[in-house]
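**Student:** Prediction below, plus the sequence it came from.
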Number of protein chains: 2
Amino acid sequence: MRTTAPTSTLYLSAPEMAELVRRKGVHTCIAGIADYLRDDFLRWPQFDKSARVASHSPDGVIELMPIADATTYSFKYVNGHPRNTLRGLSTVMAFGVLADVATGTPQLLSELTLTTALRTAAMSALAARALARPDSRVMALIGNGAQSEFQALAFQHLLGITALRLFDTDPAATAKLVANLGGTGLQVTVCASAAEAARGADIVTTITADKTNATIVTPAMVAPGMHINAVGGDCPGKTELHADVLRQGAVFVEYAPQTRLEGDIQQLPADFAVTELWEVLAGRQPGRSHAAQVTVFDSVGFALEDFSALRFMRDAALELGVGERIALVPALTDPKNLFAVLRQPAAAPRMPAPALGAVA
Amino acid sequence: MRTTAPTSTLYLSAPEMAELVRRKGVHTCIAGIADYLRDDFLRWPQFDKSARVASHSPDGVIELMPIADATTYSFKYVNGHPRNTLRGLSTVMAFGVLADVATGTPQLLSELTLTTALRTAAMSALAARALARPDSRVMALIGNGAQSEFQALAFQHLLGITALRLFDTDPAATAKLVANLGGTGLQVTVCASAAEAARGADIVTTITADKTNATIVTPAMVAPGMHINAVGGDCPGKTELHADVLRQGAVFVEYAPQTRLEGDIQQLPADFAVTELWEVLAGRQPGRSHAAQVTVFDSVGFALEDFSALRFMRDAALELGVGERIALVPALTDPKNLFAVLRQPAAAPRMPAPALGAVA
């Protein structure tokens, strides 16, 4: 499968990505992705943006998330199937591509299951740095599934969170999270309900998987000055916040046209005021206005985040020499002669390599 | 890279696909894809359909083409960059995926550059079987680029075409086509213009690459009873037929909402009458009404065609044992414990296989 043709595509499998993240370090990857995210969000108007294309079924959703600037195109394939864990499969699986806008050549094919967890955590932390109180130290983490460790580490290292209050309807998920956080230095409290977890928290992160209009966070749970990082409500019919929670504070979103369809604000009228996060990062709009304000990041995951994460992972893979080259598209001697591939043998017979210069 | 996990994805590279097509035979593949296409078009209402998502740039276009039925989801990535051949690259490069609707697991990742040429030819022939005069023997082939051999072979084997009249603005492309058709038994005439090529033809196939509103076929070139297979006009600003050619006959399309944006009928009002091909194949609408009628298949390429082609290629690959299994998504012992992949070594150390039963 190895090839050195100019049309060859760098491929990062799921095991290779895990190796890459282990070698660079999880915190370094999250912080690096957050840097790439900030750089890309600051040039927001340069991107050709569209809401993702979703295919819904009774069991879940499969989405394609394309985006491009003048030189690079990317897309992500991602599913969301809450009942997958009952079959031993991940709720979310993903992969994606970086391609050259000038020629359409696919340059990188990468796993994005692990990377989505990293970039979602990086995005949450980037938003919280702009929106949460700077003295935030305690975070409630409601939903202790596959992405929860990444949120915990992102907030520890990028925000200075020192204590977590955990809740999940599945105690085994919480036990798994507690075990995985061993040795991180985070102080962990297991709570009996979402309301108990939110008590005393500076930041409340919700990252639940059920595809329902759930009410994980009610108005009674919200204290003045709280930042709510609502990650799990991310497709039509899947919400986590009571509508009044959204009305209690200032709501920030990634890309309003998509969030109005998919985010917690799908419960509210189309003219409900929200601020796009890039405007806060660029200093065009205020973030938090005072210490007692409630801020909500109604996160759904936008294609630009995968664009940034794919760029980071490509650069890291090239730096570390991880991944391999694959022939996803054919290498043609004459590009108008596609038919010629049917005349070539499948693999060249093994023979001594010719001297350099002997091959055109 | 090999894996046997339930999440593993069958991967067909460009060289492996060429090997598959060589082993099965080009005609067999085109005929097989045409059969899969007909089966899928006959159950048209079962598909969740949408127009493709296109990202346009000065040099070309990159598109995603998703579609799904109740059990299988597919998408294709495809570019169209007419000036690529000047750089030694293909105008069109493509790959695609089949996934399980119930879980979102990607089941097949396949090259689709060669396969797109095969499926486009199969689609053209399937349409022509329903629309061209049954006694058609002579076809003009205008545009002699990468896809032209496949059109020639599809019409020879599925329609009974015996003679081709060729034209391309690049004489080298025509010479390449003539050389590739040697030994097929097709009688070939090289023409000095599109008009000369169309003279005496029963079917006129246009498959040109320029992203312009071109006028490859004018009303004066159209004879009574002709079938026009217009393949190259397939995105906004890219047409091949003079508008009056469309008004001269009955126009058939794949999926009207997409063709009105991308096909030759983009030149005409939104209420211009067209018939979707699936209705003809299903016997719900007439095709050709009389021998002197002019019929036009305004083909743009629809996601269902890639769905059918991917299904055919998957079945052929499994039959022949072509392709390999890759780990595009992670195989997790506990799907809620994605974080655990960061604790595992990249590859298990080589050691004697444990006795069966010794592993949970």
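**Tutor:** Cool, got the structure. Note that this is a predicted model, so its numbers are computed, not measured.
**Student:** Go ahead and produce CSV holding the CA coordinates of the least confident helix or strand in chain A by mean pLDDT.
**Tutor:** Using mean pLDDT, DSSP states H and E, the weakest-scoring helix or strand in chain A turns out to be strand A:213-217, at a mean of 86. Taking C-alpha atoms only, strand A:213-217 is exported to CSV below (Å, rounded to 0.1, in the frame of the first residue of the first chain):
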residue,chain,number,x,y,z
ASN,A,213,-34.9,16.9,24.6
ALA,A,214,-33.4,16.3,28.1
THR,A,215,-33.3,18.8,30.9
ILE,A,216,-29.9,18.2,32.5
VAL,A,217,-29.6,21.7,33.7
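**Student:** Tell me how chain A divides into domains.
**Tutor:** Each domain of chain A is listed here as a residue range: A:9-114+A:305-334, A:133-302, per automatic domain parsing.
**Student:** Mind listing what's buried along the least confident helix or strand of chain A?
**Tutor:** By 16 or more other C-beta atoms under 10 Å in any protein chain shown, the buried positions in strand A:213-217 come out as A:214, A:216-217. C-beta coordinates here come from the backbone N, C-alpha and C atoms, glycine included.
**Student:** Remind me which helix or strand residue A:79 belongs to.
**Tutor:** Assigned by DSSP states H and E, residue A:79 belongs to strand A:72-80.
**Student:** Neighbouring strands - and their directions - for that strand?
**Tutor:** strand A:60-68 (antiparallel), strand A:94-100 (antiparallel) (DSSP bridges).
**Student:** residues in contact with stretch A:301-313?
**Tutor:** A:12, A:17, A:20, A:29, A:32-33, A:36-37, A:39-41, A:44, A:47, A:49-50, A:52, A:65-67, A:72, A:74-76, A:96-98, A:108, A:110, A:112, A:115-116, A:118-120, A:122-123, A:234, A:254-255, A:258 (C-beta atoms under 8 Å, 6 or more residues apart in numbering or on different chains).
**Student:** can you give me phi and psi for the nearest residue to residue A:132 once chain neighbours are set aside?
**Tutor:** Take residue A:132 and drop its neighbours on the chain: the residue closest to it by C-beta to C-beta, 6 or more residues apart in numbering or on different chains is residue A:227, 3.7 Å away. The phi/psi pair for residue A:227 (degrees, to the nearest 10) reads phi -110, psi 130.
**Student:** Tally up the residues packed near residue A:227, please.
**Tutor:** By the measure other C-beta atoms under 10 Å in any protein chain shown, the count of residues near residue A:227 is 26.
**Student:** Tell me the confidence at it?
**Tutor:** pLDDT recorded at residue A:227 is 98.
**Student:** Which strand residues bridge it?
**Tutor:** residue A:203, residue A:295.
**Student:** I'd guessed it sits against residue A:136; true?
**Tutor:** Yes - if you go by C-beta atoms under 8 Å, residue A:227 and residue A:136 touch, sitting 6.8 Å apart.
**Student:** anything in contact with each of these two?
**Tutor:** A:128, A:202-203.
**Student:** Name the nearest of those residues relative to residue A:336.
**Tutor:** residue A:128 (53.2 Å; C-beta to C-beta).
**Student:** returning to that earlier point: quick one: which of the domains of chain A is nearest residue B:335?
**Tutor:** Of all the domains of chain A, domain A:9-114+A:305-334 comes closest under C-beta to C-beta, at 4.6 Å.
**Student:** Give me the distance between the two termini of that closest one.
**Tutor:** 19 Å (C-alpha to C-alpha, to the nearest Å).
**Student:** now swap in stretch A:161-179 and tell me
**Tutor:** Span of stretch A:161-179 from end to end, C-alpha to C-alpha: 18 Å.
**Student:** can you list the residues that contact the helix or strand containing residue A:172?
**Tutor:** For residue A:172, the host element (DSSP H and E) is helix A:171-180. The contact list for helix A:171-180 (C-beta under 8 Å, 6+ apart) reads A:141, A:144-145, A:148-149, A:152, A:166-168, A:188, A:190, B:334, B:336-337, B:339-340.
**Student:** same deal with stretch A:219-227?
**Tutor:** Contacts of stretch A:219-227 (C-beta under 8 Å, 6+ apart): A:128, A:131-133, A:136, A:194-195, A:198-199, A:201-204, A:228, A:242, A:244-245, A:248-249, A:288, A:291-297.
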